[in-house]
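Enquirer: How does the following fold in three dimensions:
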Amino acid sequence: MKKKFYIGLFGINSSSGLSLTKNKDRWKANWKEIIELVKYVDRNNFDFILPLSKWKGWGGETNPNTLSYETFNFASLLLPITNKILFYSTVHLPFVHPVFAAKAASTILSAYPKRYGLNLVCGWNENEYQMFYKVNKEFSSNRYMYGAEWTKIFTNLTNTNKKINFSGKFFQIKNAEVFFENKRDIPLVSAAYSSDGRKFATKYCKILFTMFDNFERTKKINKDLISQAKNQGKKIELYTPIHIICRKSNLEADDFHSQYSELEQDKIAVHNFIKNVAIADKKTLYKIMKSKSATIASSCGSKIIKGNPNEVCEQLRELKSANFTGAAFSFVNYLKEVKFFKEKVLNKKPLSND
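Expert: Just a heads-up that it's a prediction; the model follows:
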């Protein structure tokens, strides 16, 4: 029996989603459209919703992500109008105390014990970090140590109704408790590209959410990651962000891609996005991004799958064969495009488990 391949939507809680463009059809994160979209994917066998956690926009003419709904509330508002789909809350660990997070997550789990998880973010954008704290470079270099302590506290509180104590470098916790019914293991995700980030995700999370470029090279990397986790007695699932550009013909897909990511690129927003990566000292990623500004405008660096329905279908099959167990899709306009994608691509069963 083949393993299930999980599919979801990424970034629907934020204006512009993953596309830094001035295109008139860009995602506005209108609440009425979000409700329609979520109900549609819930009826049509999507598995999860993974939101962005954004505190500021990227500037420019459109200021992408300036409207971004907080993710604990986002999940709790949309879970009641759906029946099957799982919602994640994306949480910047430096901005949210683990005791509060455990309380918030347990509140949602008390009503929806099987449809909720957390996406843990150990890093941050510097301009957002300054909304909370004075920038601390030493803290930045120890962010995964901080993340490990945070996750241990959170996991202990969400798995037991007993009081817990914790003494670490970053946290001193005394007699903390979060009492709720439906205590259970919460599925945890962590997005990571670096070696340290992947080690953190492999050790503490169920799912590693990671970007890639080349299918063949990634297939080997993913196989090694799964093997490394297995050697540590862990089972890791690998998800990836995928930006979909699907049209009736390849020419139409190419034209739309060029139109929104090059001719209608929000250049200042793209510049600010890339500059932020440079500040974070992710030098390798910065060099890649600087040479591919159209890709940043298209999808903030996520892998792009593009073409007519048959082409997209084949690329999704290739994606599944690269040892991924799930994908989080983004679109320029989620509501308009996901329906065509479902009818013309997914109905062909490219990700069938049969």
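
Enquirer: what are the ranges of the strands in the protein?
Expert: For the chain, applying DSSP state E gives strands covering 6-10, 48-50, 86-92, 116-121, 164-167, 172-176, 188-191, 207-209, 237-246, 303-307, 326-330.

Enquirer: low pLDDT regions in this protein?
Expert: 1-2, 279-289, 349-354 (pLDDT under 70).

Enquirer: right, and Val135 touches Glu126 too?
Expert: Yes - the pair Val135 / Glu126 is scored as a contact, 6.1 Å apart, by Cβ atoms under 8 Å. Any C-beta I mention is one placed from the backbone N, CA and C, and that applies to glycine too.

Enquirer: and the strands of the chain as JSON lines, adding distance to Asp224?
Expert: Formatted as JSON lines, the strands of the chain follow (distance: least, Cβ to Cβ, whole Å):
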{"stretch": "strand 6-10", "distance to Asp224": "21"}
{"stretch": "strand 48-50", "distance to Asp224": "24"}
{"stretch": "strand 86-92", "distance to Asp224": "26"}
{"stretch": "strand 116-121", "distance to Asp224": "22"}
{"stretch": "strand 164-167", "distance to Asp224": "33"}
{"stretch": "strand 172-176", "distance to Asp224": "36"}
{"stretch": "strand 188-191", "distance to Asp224": "18"}
{"stretch": "strand 207-209", "distance to Asp224": "12"}
{"stretch": "strand 237-246", "distance to Asp224": "11"}
{"stretch": "strand 303-307", "distance to Asp224": "19"}
{"stretch": "strand 326-330", "distance to Asp224": "18"}
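
Enquirer: Can you add mean neighbour count and distance to Trp58 and give those back as TSV?
Expert: As requested, the strands of the chain are exported to TSV (neighbours: other Cβ atoms under 10 Å; distance: least, Cβ to Cβ, whole Å):
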stretch	mean neighbour count	distance to Trp58
strand 6-10	23	17
strand 48-50	26	19
strand 86-92	23	16
strand 116-121	24	17
strand 164-167	14	36
strand 172-176	12	36
strand 188-191	23	18
strand 207-209	25	21
strand 237-246	23	16
strand 303-307	20	19
strand 326-330	25	15
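
Enquirer: Excluding sequence neighbours, find me the nearest residue to Arg198.
Expert: Ala192 (4.9 Å; Cβ to Cβ, 6 or more residues apart in numbering).

Enquirer: what about the one you found, how many residues close to it?
Expert: Residue neighbour count, defined by other Cβ atoms under 10 Å, stands at 23 for Ala192.

Enquirer: so it touches Phe209, yeah?
Expert: Yes - in terms of Cβ under 8 Å, Ala192 counts as a neighbour of Phe209; the distance is 7.4 Å.

Enquirer: what residues are up against Leu263?
Expert: By Cβ atoms under 8 Å, 6 or more residues apart in numbering, the contact set of Leu263 is empty.

Enquirer: go again using 10 Å as the cut-off
Expert: Going by Cβ atoms under 10 Å, 6 or more residues apart in numbering, Leu263 touches Thr21, Lys22, Asn23.

Enquirer: Return stretch 119-138 as CSV; C-alpha atoms alone will do.
Expert: Provided in CSV are the C-alpha atoms of stretch 119-138 (Å, rounded to 0.1, in the frame of the first residue of the first chain):
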residue,chain,number,x,y,z
ASN,A,119,4.3,25.2,12.9
LEU,A,120,7.4,26.3,14.9
VAL,A,121,9.5,29.2,13.6
CYS,A,122,12.8,29.7,15.5
GLY,A,123,14.0,32.6,13.3
TRP,A,124,12.5,36.0,12.5
ASN,A,125,12.7,39.0,10.3
GLU,A,126,14.7,41.7,11.9
ASN,A,127,12.2,44.5,11.3
GLU,A,128,9.6,42.4,13.0
TYR,A,129,11.8,41.3,15.8
GLN,A,130,12.3,45.0,16.7
MET,A,131,8.6,45.3,17.4
PHE,A,132,9.2,43.0,20.4
TYR,A,133,12.8,43.3,21.5
LYS,A,134,16.1,45.1,20.9
VAL,A,135,18.0,42.9,18.3
ASN,A,136,20.3,40.5,20.0
LYS,A,137,22.8,38.8,17.7
GLU,A,138,24.0,36.4,20.4
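
Enquirer: roughly how far apart are the closest residue to Lys219 other than its chain neighbours and Asn231?
Expert: Distance criterion Cβ to Cβ, 6+ apart; nearest residue to Lys219, sequence neighbours excluded, is Ala322 at 4.2 Å. Noted for Ala322: a distance of 21 Å to Asn231, by Cβ to Cβ, to the nearest Å.

Enquirer: Looking at the two, which one has more neighbours?
Expert: Ala322 (19 against 8).

Enquirer: sorry, back to before: quick one: which of the contacts of Leu263 is most hemmed in?
Expert: In terms of neighbour count, Thr21 stands highest of the contacts of Leu263 at 27 neighbours, by other Cβ under 10 Å.

Enquirer: Fine, thanks again, bye for now.
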